[in-house]
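> from the sequence below, what's the structure:
(chains A, B, C and D)
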Protein chains: 2
Amino acid sequence: MATHHDHAHDVRSGAALIDAAEIALVKAGEQWTSMRAAVFVALSGFDRPASAYDVTEAVSTAQGRRIAANSVYRILDLFVANNVATRVESANAYLANAHPGCLHDCIFLVCDACGRATHVDDDQLSARIRETAAATGFRPEKPVVEVRGRCADCA
Amino acid sequence: MATHHDHAHDVRSGAALIDAAEIALVKAGEQWTSMRAAVFVALSGFDRPASAYDVTEAVSTAQGRRIAANSVYRILDLFVANNVATRVESANAYLANAHPGCLHDCIFLVCDACGRATHVDDDQLSARIRETAAATGFRPEKPVVEVRGRCADCA
DNA sequence: CAACCTGATGTGATAATATATCAAGATGCG
DNA sequence: CGCATCTTGATATATTATCACATCAGGTTG
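Prediction:
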């Protein structure tokens, strides 16, 4: 199998992933509150990008009380800003970041059949995208690269 | 200025662009109705990606009557399907396609300051993106490549 | 011509996604 | 503790997108 990592990642899941998220947020000077933990747990419980409302629903169920969507948005935004989650623009949805310590331009392969997204890092390709943008005088900040199509299982 | 076209385009604007859109739709076996013309004219009148509601507003003003958003969505979807318009996913907005005859994977450079988007074609880069996706067993259909950042004017 | 079919548009409702505002509560810290 | 700051809650509203079904315009056919 060809991976496109050019260095080792800490790809985490389950409790280890949640710990890693907490560590990343705290290192960034943010608090790891019980609400944030609940949102992260809910988000990481999905096997595909989840909308803010999906997460709201999951947190509400888990807590047995109604959580407001805007609280979830706030927290998801915070996660994205701190690289603990990423937003899949073409799906209006969010994914927990499996290796929060690592900063990459993300490439997502989003299956139009099952909705799952797989995350690819290819720093060389990302660099070419940034270069191509910069060549026109544009200052790239955040490349959004999301390939829509069919995953291997749904092909 | 460095362009990234590897072949000549018919980049059109104004009346010529509208004609080109009509020709492209008709060639695809679709009708060029007055409503579709009105939507295309409105869309091509924006100098940056316009939301479906922006277009609805513009068409309503132009016609002196209230147009429903869903009619506009229908028509924009048709335009996108026939390559006379494109959708900028990360902005939930649409752009008239300046060279409807030509089929590319689009790359947009979207300025977070002024909202304008410039369109780049780089078939070699697009090919690499598709290859990278395909290497994992994924079947790419529609790459979404939108670089957010600052345009030269806003830098 | 009348009956019918099809594609396009209109009407109205509603769903899904996202943000704004302000009050109240929790937390860190001197 | 008591103040400042950060976080969350409550509520409202804005924005984006879709659905169901009625109507209309144009052609085709009996």
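
> can you report how many residues neighbour A:V120?
Number of residues near A:V120 (other C-beta atoms under 10 Å in any protein chain shown) recorded here: 22. For glycine as for every other residue, the C-beta is placed from the backbone atoms N, C-alpha and C.

> ok, now which ones touch it?
Under the criterion of C-beta atoms under 8 Å, 6 or more residues apart in numbering or on different chains, the neighbours of A:V120 are A:4, A:106-109, B:132-133, B:136.

> filter these down to the buried ones and hand me the PyMOL line.
Buried residues among the contacts of A:V120 (16 or more other C-beta atoms under 10 Å in any protein chain shown), as a PyMOL selection:
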select buried, (chain A and resi 106+107+108+109) or (chain B and resi 132+133)
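
> which two of the contacts of A:V120 have the greatest separation?
With C-beta to C-beta as the measure, no two of the contacts of A:V120 lie farther apart than A:C106 and B:T136, at 14.2 Å.

> the helices in chain A, which residues?
A:14-27, A:34-44, A:52-63, A:69-81, A:123-134 (DSSP state H).

> got a list of contacts for the fourth one?
Around helix A:69-81, the neighbours that count as contacts under C-beta under 8 Å, 6+ apart are A:21, A:25, A:30, A:35-36, A:39-40, A:43, A:52-53, A:55-56, A:59, A:85-87, A:94.

> repeat that for the shortest one.
Helix A:34-44 is touched from outside by A:13, A:17-18, A:21-22, A:25, A:50, A:55, A:58-59, A:62-63, A:71-72, A:75-76, A:78-79, A:84-85, A:94-96, with contacts defined as C-beta under 8 Å, 6+ apart.

> make it 7 Å
A:17-18, A:21, A:50, A:55, A:58-59, A:62-63, A:71-72, A:75-76, A:79, A:85, A:94, A:96 (C-beta atoms under 7 Å, 6 or more residues apart in numbering or on different chains).

> restricted to strands, list the contacts of A:V120.
Using DSSP state E, the subset of the contacts of A:V120 located in strands is A:107-109.

> near DNA strand D, which residues of chain A?
A:30-31, A:33-36, A:66-71, A:74-75 (C-beta under 7 Å from any atom of the strand).

> list only buried entries from these.
If we count by 16+ other C-beta under 10 Å, the residues of chain A next to DNA strand D have these buried: A:30, A:35-36, A:67, A:75.

> burial measure for the closest residue to A:E89 other than its chain neighbours, as a count.
Closest residue to A:E89 apart from its sequence neighbours, by C-beta to C-beta, 6 or more residues apart in numbering or on different chains: B:S90 at 4.2 Å. Using other C-beta under 10 Å, the number of residues around B:S90 comes to 21.

> what of A:A152?
For A:A152, using other C-beta under 10 Å, the count is 12.

> so, low pLDDT: which residues of chain A?
A:1-13 (pLDDT under 70).

> name the residue closest to the centre of chain A, please.
The residue lying closest to the centre of chain A (C-alpha atoms, centre = their mean) is A:T86, at 2.6 Å.
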